[in-house]
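S.K.: 3D, please:
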Amino acid sequence: MEELTGGLMNNDTLKVLSLKYPHCLGCTTSIGWQTFAPYLSNPRCSMETLDLSGNEKIGDDGISSIGKAMGVNTTLKWLDLYGSKSVTSIGWHAFSTGLKILAIEELQLYQCSIGDESAFAIVSALAENPSFTSLHMNSSKTITSAGWVWCFQWLLDLKKTSLKTLSLPWKQYY
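M.R.: Below you'll find the predicted structure:
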């Protein structure tokens, strides 16, 4: 991951990067993502699409580093964190701080270990982001029905939100 990050630091043309599992076996640890995160905050970063799906070992420190870096990134529009099951409430809360500033339009959080409070932290941060249009949190089985109601009322009641697509959980509450 160090070599990749070093190479990317001098690149201002890359728009799409896929580091999804199993293609990124050596960088799936929290330490690998902490090494990668500075690229996202680099002024030369022009990336618009980042696919980190399936990286189950990203962990709290890794997701916190990515969230912090995203707080200064102005180009990333689409982020996929599908299957980030090793992230706890602490990591999701730290990650959500970067979502307020980020230019992100679409966030994929399928099958992540997000509970009620973490979901609300993410949703409330995204609600402050005027460019955000699409949220996918299908199969987030640790969010209760009360948590979903809380989050979506917050999103849909705000007049300033630009949300256009909201992907609800599979039939787990019916």
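S.K.: next one: stretch 91-103 to chain centre, how far?
M.R.: Taking C-alpha atoms, centre = their mean, to the nearest Å, one finds stretch 91-103 lying 8 Å from the centre of the chain it belongs to.
S.K.: again, but for stretch 137-152
M.R.: 16 Å.
S.K.: dump it to CSV, keeping only the CA atoms.
M.R.: Output of stretch 137-152 as CSV, limited to C-alpha atoms (Å, rounded to 0.1, in the frame of the first residue of the first chain):
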residue,chain,number,x,y,z
MET,A,137,-27.5,1.0,3.4
ASN,A,138,-29.2,-2.2,2.5
SER,A,139,-28.6,-5.2,4.8
SER,A,140,-27.4,-3.2,7.7
LYS,A,141,-28.8,-5.7,10.1
THR,A,142,-27.6,-4.0,13.3
ILE,A,143,-29.8,-0.9,12.7
THR,A,144,-33.2,-1.4,14.4
SER,A,145,-36.5,-0.3,12.9
ALA,A,146,-36.5,2.6,15.4
GLY,A,147,-33.0,3.6,14.2
TRP,A,148,-34.2,3.6,10.6
VAL,A,149,-37.2,5.7,11.4
TRP,A,150,-35.0,8.2,13.3
CYS,A,151,-32.5,8.4,10.4
PHE,A,152,-34.9,8.8,7.6
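S.K.: just for this structure, where's the confidence low?
M.R.: 22-28, 157-161, 168-174 (pLDDT under 70).
S.K.: what about 50?
M.R.: By pLDDT under 50, the weakly predicted segments of the chain are 26, 171, 173-174.
S.K.: any chance you could map the helices in it?
M.R.: Remark: helices assigned in the chain by DSSP state H are 2-8, 30-40, 59-70, 89-96, 116-127, 145-157.
S.K.: what about Asn10, neighbour count?
M.R.: 8 (other C-beta atoms under 10 Å). Bear in mind the C-beta positions are built from the backbone N, C-alpha and C, glycine included.
S.K.: contacts only, for the nearest residue to it once chain neighbours are set aside.
M.R.: Spatial nearest neighbour of Asn10, chain neighbours left out: Arg44 (7.0 Å); criterion: C-beta to C-beta, 6 or more residues apart in numbering. Taking C-beta atoms under 8 Å, 6 or more residues apart in numbering, we find Arg44 in contact with Met9, Asn10, Asn11, Asp12.
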